[in-house]
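S.K.: got a sequence here, can you build the structure:
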Amino acid sequence: MDKVSAAAGDEKNGGREHRREYRVEELAEAAGITTRTLRFYRERKLLQPPRKQGRIAWYGEEHLARLRMIAELLDRGHTLGGITELIGAGESGRDVAELIGLEAAIVAPWSDETPVRLDWDELKAAFGDQLTEENTAESIAQGYITITDDGITHVSRRLMDATTELVAEGVPLAAVLDASRRTREHVDAIAEIFIEVVSEHLLSALSTDTPLAPGEAARLTERILRVRPLARTVADAQFTLAMDRRVHAEYDELLRQRREHGPEGESEPEGEHGPGGEQMTGNN
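M.R.: Okay, the predicted model is just below:
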């Protein structure tokens, strides 16, 4: 993060040393971006104001350094909003490293899925005539696969393996995809609940325009790191408990129906048993 401090320091110095200056087009070319992107950064206050000479805007090495720093942060996965906060922190003397750690904790991936690639022959072997345009389109719509000329890439090897195994057990591919779509709707809702709870009760300080107090970013980072595994624990426990409830309820209902109707073809004729279950015979 020395680049942030250096970029901020260059702006503060404001010295008129004899350094190269750039017009908009020249600066954009030197930074490897378009002039449209450069103007967008200016509108977002990501780039310090240029020196004006009449109607011409002149940019210096500090602007080029800032643009390169923005590109580096974007490559690391930072958002433009986060970069704006980091630049403001560097300019105001706040701890940039703490803010970087906070954003990294917030946006760190939750999943550790490994993509898997299958060619068309492998897909045909796994799904046979169920490899239809409709099923393929549904998989694409759900965002799990991308198509290439020689096959597909699935975002999750675990989900792909589960799909092929379910189909091998006799579950139609269309049914698997339908279950996948409905499951995704529910897990998206669960994720939304967790985000609401955490945002409202643990990270409310981030929802205001007030700069974080010294040390607050580090405290929030530690809090996020503690809470993240709790979310997985709760989701896993809730799911397994729900499965217990549903399986027992479904099995109890199955037993009830079997008791009421008996095995097919084995129902007893009316009047064959007397009161108390005694067998009625012709001699009684």
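S.K.: could you find the closest non-adjacent residue to His78?
M.R.: Of all residues not flanking His78 in the chain, Glu103 sits nearest, at 6.1 Å (Cβ to Cβ, 6 or more residues apart in numbering). C-betas here are computed from N, CA, C, even on glycine.
S.K.: what mean pLDDT does whatever helix or strand the one you found lives in get?
M.R.: Glu103 belongs to helix 96-107 when assigned by DSSP states H and E. For helix 96-107, the mean pLDDT works out to 79.
S.K.: in that helix, what counts as buried?
M.R.: The neighbour-count check on helix 96-107 (16 or more other Cβ atoms under 10 Å) flags 96, 98-103, 105-106 as buried.
S.K.: again, but for stretch 103-121
M.R.: Neighbour counts over stretch 103-121 (16+ other Cβ under 10 Å) mark 103, 105-106, 116, 118 as buried.
S.K.: now swap in stretch 151-169 and tell me
M.R.: By neighbour count with 16+ other Cβ under 10 Å, stretch 151-169 contains the buried residues 151-152, 154-156, 160, 163-164, 167.
S.K.: who's in contact with it?
M.R.: For stretch 151-169, the external contacting residues (Cβ atoms under 8 Å, 6 or more residues apart in numbering) are 111, 113-120, 122-123, 126-127, 130, 139, 143-146, 173, 176, 180.
S.K.: pick out the most distant pair among the buried residues of stretch 151-169.
M.R.: Maximum pairwise distance in the buried residues of stretch 151-169, criterion Cβ to Cβ, is 18.4 Å, between Val155 and Val167.
S.K.: where exactly do the strands run in the stretch 101-250 of the chain?
M.R.: Ranges of strands within the stretch 101-250 of the chain are 116-119, 145-148, 151-154, based on DSSP state E, counting those that start in this stretch.
S.K.: would JSON lines of the ones you listed with mean pLDDT and distance to Phe194 be doable?
M.R.: Listed next are the strands of the stretch 101-250 of the chain as JSON lines, based on pLDDT from 0 to 100; distance: least, Cβ to Cβ, whole Å:
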{"stretch": "strand 116-119", "mean pLDDT": "96", "distance to Phe194": "28"}
{"stretch": "strand 145-148", "mean pLDDT": "94", "distance to Phe194": "27"}
{"stretch": "strand 151-154", "mean pLDDT": "95", "distance to Phe194": "26"}
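S.K.: indicate which one of those is closest to His63.
M.R.: The closest of the strands of the stretch 101-250 of the chain to His63 is strand 145-148. By Cβ to Cβ, the value is 38.0 Å.
S.K.: where's the closest one relative to the chain centroid, distance-wise?
M.R.: Distance, stretch centre to chain centre, for strand 145-148: 19 Å (Cα atoms, centre = their mean, to the nearest Å).
S.K.: likewise for stretch 186-195?
M.R.: Mean-position distance between stretch 186-195 and its chain equals 11 Å (Cα atoms, centre = their mean).
S.K.: tell me the buried residues in that stretch?
M.R.: Buried positions in stretch 186-195, judged by neighbour count with 16+ other Cβ under 10 Å: Phe194.
S.K.: what does it rub up against?
M.R.: Counting by Cβ under 8 Å, 6+ apart, residues outside stretch 186-195 touching it are 231, 234-235.
S.K.: possible to save those residues as JSON lines with pLDDT and distance to Ala89?
M.R.: Converted to JSON lines, those look like this (pLDDT from 0 to 100; distance: Cβ to Cβ, whole Å):
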{"residue": "Ala231", "pLDDT": "92", "distance to Ala89": "28"}
{"residue": "Val234", "pLDDT": "95", "distance to Ala89": "33"}
{"residue": "Ala235", "pLDDT": "94", "distance to Ala89": "34"}
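S.K.: in helices only, show me the residues you listed.
M.R.: Those of those mapping onto helices are 231, 234-235, per DSSP state H.
S.K.: neighbour-wise, which of those leads?
M.R.: Neighbour count (other Cβ atoms under 10 Å) singles out Ala231 as the most crowded of the ones in helices among the contacts of stretch 186-195, with 17 neighbours.
S.K.: who are the neighbours in contact with it?
M.R.: Listed by Cβ under 8 Å, 6+ apart, the contact set of Ala231 reads 194, 198.
S.K.: can you give me the helices in the stretch 51-200 of the chain?
M.R.: 61-75, 80-92, 96-107, 120-127, 133-141, 157-168, 173-201 (DSSP state H, counting those that start in this stretch).
S.K.: for Glu216, find the nearest of the ones you listed.
M.R.: Nearest of the helices of the stretch 51-200 of the chain to Glu216, taken as Cβ to Cβ: helix 96-107 at 8.2 Å.
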